[in-house]
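Sharing a model prediction with you, sequence too.
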Amino acid sequence: MNTIASLVTEVLQSEQTGINLSKVIHLTTIAQQSLKEIQAQSGLDLRRYLIAIDSFSIKHTLKGHGNKVKENLRGQEGVTPKDFEYIPYIINHAETIVFEDKNKQGNYSFRFEATLHNHYVVIMEVRTKRKILALKTMRIFKAKKENQNLDFDSL
């Protein structure tokens with residue numbers, strides 16, 4: 001089992017047991033293509049930063065965007081545990097990157113969009129003290145039919 005799947009499993013188990021899990025996993029560096037776009041839009045140099053996911057962002061994303069019925073009413077898909085595994089790929093192969101300035105916590109944030117079997121919108125925030133680009137939340141929109149049959153499980 002990979003580290004993302006393990007963390008998601010731990011988070012889901014901790015929610016059932018009432019244990020407050022606080023964990024961060026550091027995944028990979030940010031690809032040159034994404035680094036250039038980030039710097040062009042924001043002036044930020046994230047060359048030594050790692051893509052990261054923490055237990056809070058998983059809980060937040062599943063609570064806010066994980067209910068399939070509610071998300072379908074919004075024209076979206078519910079985020080599933082498997083979807084978190086696509087985050088490094090989405091960040092490093094984004095079709096669109098948008099600088100969103102500072103969020104409520106005072107951290108710079110970016111929106112990354114990529115179409116796999118669905119259209120993913122991932123919000124990441126820059127945490128300068130820890131030198132990480134961390135997941136904030138994720139949404140999923142239905143993709144056009146030509147993308148529906150592609151195999152993205154090998155990512």
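Perfect, I can see it now.

When you work out contacts or count neighbours from here on, use the C-alpha atoms and nothing else.
Will do.

The lowest-mean-pLDDT helix or strand in the chain: which residues count as buried?
Using mean pLDDT, DSSP states H and E, the weakest-scoring helix or strand in the chain turns out to be helix 68-73, at a mean of 86. Within helix 68-73, the residues scored as buried using 16 or more other C-alpha atoms under 10 Å are residue 71.

contacts for the lengthiest helix in the chain?
Longest helix of the chain, by residue count under DSSP state H: helix 3-17. Contacts to helix 3-17, defined as C-alpha atoms under 8 Å, 6 or more residues apart in numbering, come from residues 20, 21, 23, 25, 53, 55, 58, 59, 81, 82, 84, 85.

Am I right that the fifth one falls within a strand?
Pointing back at residue 53 there. Yes. Assessed by DSSP: H, G, I helix; E, B strand; the rest coil, residue 53 belongs to a strand.

still on that earlier bit, so of the contacts of helix 3-17, which ones are in helices?
Using DSSP H, the contacts of helix 3-17 in helices are 55, 58, 59.

Sort out which one of those residues lies nearest residue 136 for me.
residue 58 (8.4 Å; C-alpha to C-alpha).

How about residue 118, nearest residue that isn't a chain neighbour?
Leaving aside its chain neighbours, residue 118 sits nearest to residue 143 (4.3 Å; criterion: C-alpha to C-alpha, 6 or more residues apart in numbering).

can you count the residues close to residue 45?
Neighbourhood size, residue 45 [other C-alpha atoms under 10 Å]: 12.
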